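Colleague: A structural model of the following input is requested.
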Amino acid sequence: MIEQYKGGINNDNQEFTYALKKKITKDRLYNEDLWYFKTNPKSSLRPSRGAAKRQEGLKNDNPLGGWEDILKYNKNWDVAVDIGARVGEWSRPMSEVFNKVISFEPRQKWCECFIKNVKMKDVELYQCGLSNEDGWATMDGNSFRQGHSADGVINYLEEGEGMQLKTLDSFNIPKIDFMKIDVDGLEMKVILGGEATLLRTKPVMMIECCPKFNYQEYCKYIEDLGAKHIKDYTYKNKLHDRLYMWD
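Modeller: Numbers count the residues shown, from 1 in each chain. Next up is the predicted model:
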């Protein structure tokens with residue numbers, strides 16, 4: 001079992017450096033809606049790109065109106081899972097309404113930013129990608145898809161090389177109320193590696209569905225499993241995300 005990512009952060013009251021000499025706490029990051037996106041201590045903080053505030057709308061790459069729909073359709077608030085967590089843009093607001101958040105992010109630099117951006121008291125962060133089988137692989141930019149291929153081709157390596165991949169099912173999470181999946185075209189592999197978990201827990205799901213990926217394949221697959229398509233969300237007049245529930 002992979003261990004949680006700690007990154008040397010002892011508690012949520014620590015101060016962190018930015019812009020070389022300035023200091024900030026997580027409380028201020030939350031209150032002022034600021035984010036670490038870079039690990040260099042010389043770098044400045046960034047505000048969220050979206051205009052919405054916490055619990056009124058998710059930020060950055062999250063769909064307009066998506067948070068309101070999550071609040072509307074979700075009935076239980078125990079456990080949320082964030083797959084492709086990046087620097088915590090979803091995990092932070094989710095941690096304010098769910099009792100526990102479990103987040104997955106393979107990139108070291110994003111994990112380092114994540115643990116500064118998010119209060120970790122009720123959050124578990126795992127530095128790994130999720131796929132349909134365990135292994136190790138290289139990343140091409142922000143994705144395991146080599147050459148940004150639409151079919152999700154992964155360049156697997158020897159054990160211990162590159163970044164670790166696990167299946168969602170291998171974590172044996174007993175209960176999930178909400179799940180977000182945004183993995184740049186590897187959604188199908190995540191679903192295949194977590195099929196038993198999805199069928200057992202039946203969470204409300206927000207899934208990235210960019211037209212440049214084969215989203216029709218994995219959307220049909222989860223619909224055949226029994227998930228119900230609730231709503232689409234667009235970005236620049238193109239489909240970007242899709243909300244699902246289970247009967």
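Colleague: could you list every residue that touches the residue most central in space within the chain?
Modeller: By C-alpha atoms, centre = their mean, the chain has its centre lying nearest to residue 85, at 2.8 Å. Taking C-beta atoms under 8 Å, 6 or more residues apart in numbering as the definition of contact, the neighbours of residue 85 are 91, 103-105, 110, 114, 125. From N, CA and C alone the C-beta is placed, and that goes for glycine too.
Colleague: Same check on residue 240?
Modeller: If you count contacts by C-beta under 8 Å, 6+ apart, then residue 240 has 63, 208-210, 233-234 around it.
Colleague: next helix or strand past the helix or strand of the chain with the lowest mean pLDDT?
Modeller: None of the helices or strands of the chain scores lower by mean pLDDT, DSSP states H and E than strand 156-157, at a mean of 69. Moving toward the C-terminus from strand 156-157, the first helix or strand encountered (DSSP states H and E) is strand 163-166.
Colleague: Report the rounded mean pLDDT for the very next helix or strand once past that next one.
Modeller: Per DSSP H and E, the first helix or strand lying C-terminal to strand 163-166 is strand 178-181. The average pLDDT within strand 178-181 is 97.
Colleague: likewise stretch 208-223?
Modeller: For stretch 208-223, the mean pLDDT works out to 89.
Colleague: which residues sit against it?
Modeller: Outside of stretch 208-223, the residues that reach it under the criterion C-beta under 8 Å, 6+ apart are 84, 150-152, 181-185, 187-188, 191, 198, 205, 207, 229, 232, 238-242, 244.
Colleague: try 7 Å this time
Modeller: For stretch 208-223, contacts defined as C-beta atoms under 7 Å, 6 or more residues apart in numbering pick out 150-151, 181-182, 185, 187-188, 191, 229, 238-242, 244.
Colleague: Just the ones in strands from the residues you listed, please.
Modeller: The strands, defined by DSSP state E, take in 181, 229, 238-242, 244 from the contacts of stretch 208-223.
Colleague: Of these, keep whichever come out buried.
Modeller: When burial is judged by neighbour count using 16 or more other C-beta atoms under 10 Å, the buried members of the ones in strands among the contacts of stretch 208-223 are 181, 240-242, 244.
Colleague: Let me see the contact set for the residue nearest to residue 122 when sequence neighbours are not counted.
Modeller: Counting by C-beta to C-beta, 6 or more residues apart in numbering, the nearest residue to residue 122 once its immediate chain neighbours are dropped is residue 100, at 5.2 Å. Residues in contact with residue 100, defined by C-beta under 7 Å, 6+ apart, are 78-79, 122.
Colleague: could you flag which of those residues are buried?
Modeller: residue 79.
Colleague: show me what contacts the closest residue to residue 194 other than its chain neighbours?
Modeller: The shortest distance from residue 194 to any non-neighbouring residue, by C-beta to C-beta, 6+ apart, is to residue 168 (3.0 Å). By C-beta under 7 Å, 6+ apart, residue 168 lies in contact with 130, 190, 193-194, 197.
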